[in-house]
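A.B. asks: Here's my sequence, what's the structure:
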Amino acid sequence: MSWRDAVRPALRMLLQRDDHVDPHLELLRLGAEDPDVAAEDITITLVLDGALVTGTVVSTETWERLHLGQLGGQDYDLHRVVREALAHLDDAAEKGRRRREIDRRFLHLRDVTYRAARTTHTLPTWRGPVAAVSGWSLGGPDER
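C.D. replies: Numbers count the residues shown, from 1 in each chain. Model prediction:
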């Protein structure tokens, strides 16, 4: 799908009246999921329970790859299980037996900074429920 083809679904998203979905945040998430839209390197700051989570929006596929790499450094057996399960889903999708759906409930980030009170943590990846986001802004907070 080209960016022009993405306009119609974007309009539907903006015009929907779902109280549980921020249409503009959803458009950013969808842009990261669609390789033809090329929404890359978009930094966003989310507000979650009073904490700030800043990172680069990535697709589910990118997050899975990064997450799998992290698992490999932690627990090789679990890494193998997850890798095989994902490969099975991909294989089934390629053969048309099952469609690999993207879970719209989650947003994925990489190169994350988490700020709460006077504490700051950096994380390689983050996956969180879109429903938990109480506010957001493009870019990161000023470091002063």
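
A.B. asks: count of residues packed around residue 53?
C.D. replies: Per other Cβ atoms under 10 Å, the neighbour tally for residue 53 reads 23. Heads up, the C-betas are built off the backbone N, CA and C, glycines and all.

A.B. asks: Can you mark which positions in the helix or strand harbouring residue 31 are buried?
C.D. replies: With elements delineated by DSSP states H and E, residue 31 resides in helix 23-33, which encompasses its position. Buried residues in helix 23-33, counting neighbours by 16 or more other Cβ atoms under 10 Å, are found at 25-33.

A.B. asks: so can I have CSV of these showing distance to residue 108 and pLDDT?
C.D. replies: CSV is the format used below for those (distance: Cβ to Cβ, whole Å; pLDDT from 0 to 100):
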residue, distance to residue 108, pLDDT
25, 13, 87
26, 13, 83
27, 15, 81
28, 11, 84
29, 8, 83
30, 12, 80
31, 12, 80
32, 7, 84
33, 9, 80
